[in-house]
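A.B. asks: I'd like to go over a predicted model; first the sequence, then the structure.
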Amino acid sequence: SQQGEEDPQALSIQEGENATMNCSYKTSINNLQWYRQNSGRGLVHLILIRSNEREKHSGRLRVTLDTSKKSSSLLITASRAADTASYFCATDGGTSYGKLTFGQGTILTVHP
Amino acid sequence: DAGITQSPRYKITETGRQVTLMCHQTWSHSYMFWYRQDLGHGLRLIYYSAAADITDKGEVPDGYVVSRSKTENFPLTLESATRSQTSVYFCASITRQGQHTEAFFGQGTRLTVV
């Protein structure tokens, strides 16, 4: 079964609003990452948060991590139509192979 | 061009045929992975490789074979294609620097088995 589970499955907002997506996982992690996938394309790395970090920022992205609850959230502030995509969390369990386990994703639609 | 490329982008094949999906990366990353993406399942790991000649099964390996004779190439073969293998396949390579891990994905191959 998937390590990461995203919530909500789909999110529809207006341009300028904030979008929050959540991810829950089951086992211990080395780090957690968020990826974006535009329609018909491969996934693109957005941000990584280590297991000993609680919050991280990158531009309009803010990621939080609560290891006690095994959950993470991705906040996109002041959303734009170009943010329309699917967003996936991925957990790195810290194995030597660097395997990433992906959730099912959140489909974000930002209306102009 | 630097990056990770998959070929073909689209493929239609018949049930029972063998088909090979190609993946090539130019960074010399040690780790490479094959995922399939299906609606309702997200991305599921098929096979992965830590280096040339080192491969291992992922979550859904049945019906697939991989090889890695060279670091830059990681082909995925469906030995006898079935309709359940209709999916979008993504190849990825991973760079690891200490605790930082980042995956780079190809554009995907959309495979239809009829």
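C.D. replies: Thanks, I have it. Just so it is clear, the model here is predicted, and its values are computed rather than measured.

A.B. asks: From now on I want contacts and neighbour counts done on CA atoms only, so please keep to that.
C.D. replies: Fine.

A.B. asks: residue boundaries of the strands in chain B?
C.D. replies: Remark: strands assigned in chain B by DSSP state E are B:4-7, B:10-13, B:19-25, B:31-38, B:42-51, B:54-57, B:64-66, B:76-78, B:87-97, B:100-105, B:109-113.

A.B. asks: Also chain A?
C.D. replies: A:5-7, A:10-14, A:19-24, A:31-37, A:43-50, A:55-58, A:61-66, A:71-76, A:85-92, A:100-102, A:106-111.

A.B. asks: Show me the least confident stretch of those strands, going by mean pLDDT.
C.D. replies: Among these, strand A:5-7 carries the lowest mean pLDDT, a mean of 83.

A.B. asks: Output the contacting helices and strands for it.
C.D. replies: On a contact count with 3 or more C-alpha pairs under 8 Å, 6 or more residues apart in numbering or on different chains; DSSP states H and E, strand A:5-7 meets strand A:19-24, strand A:85-92.

A.B. asks: Can you tell me who the residue in chain B that chain A sits nearest to pairs with across the strands?
C.D. replies: Residue of chain B nearest chain A, by C-alpha to the nearest C-alpha: residue B:42 (3.8 Å). Note on residue B:42: beta-bridge partners residue B:38, judged by DSSP bridges.

A.B. asks: circling back to that earlier point, would you tell me which one of the helices and strands packed on strand A:5-7 is buried the most?
C.D. replies: For the helices and strands packed on strand A:5-7, the largest average neighbour count (mean count of other C-alpha atoms under 10 Å in any protein chain shown) is found in strand A:85-92, namely a mean of 26.

A.B. asks: mind listing what that strand pairs with, with the direction of each?
C.D. replies: strand A:31-37 (antiparallel), strand A:100-102 (antiparallel), strand A:106-111 (antiparallel).

A.B. asks: Among the ones you listed, show me which one is buried the most.
C.D. replies: strand A:100-102 (a mean of 25).

A.B. asks: Would you mind putting the strands of chain A into JSON lines with distance to residue B:61 alongside?
C.D. replies: Listed next are the strands of chain A as JSON lines, based on distance: least, C-alpha to C-alpha, whole Å:
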{"stretch": "strand A:5-7", "distance to residue B:61": "22"}
{"stretch": "strand A:10-14", "distance to residue B:61": "29"}
{"stretch": "strand A:19-24", "distance to residue B:61": "25"}
{"stretch": "strand A:31-37", "distance to residue B:61": "24"}
{"stretch": "strand A:43-50", "distance to residue B:61": "21"}
{"stretch": "strand A:55-58", "distance to residue B:61": "35"}
{"stretch": "strand A:61-66", "distance to residue B:61": "31"}
{"stretch": "strand A:71-76", "distance to residue B:61": "28"}
{"stretch": "strand A:85-92", "distance to residue B:61": "20"}
{"stretch": "strand A:100-102", "distance to residue B:61": "15"}
{"stretch": "strand A:106-111", "distance to residue B:61": "26"}
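
A.B. asks: Contact residues of chain B facing chain A?
C.D. replies: In this structure, chain B approaches chain A at residues B:31, B:40-45, B:49-50, B:90, B:94, B:96, B:99-108, judged by C-alpha under 8 Å from any C-alpha of the partner chain.

A.B. asks: Buried ones among those residues?
C.D. replies: Buried subset of the residues of chain B next to chain A (neighbour count, 16 or more other C-alpha atoms under 10 Å in any protein chain shown): B:31, B:42-45, B:49-50, B:90, B:94, B:100-108.
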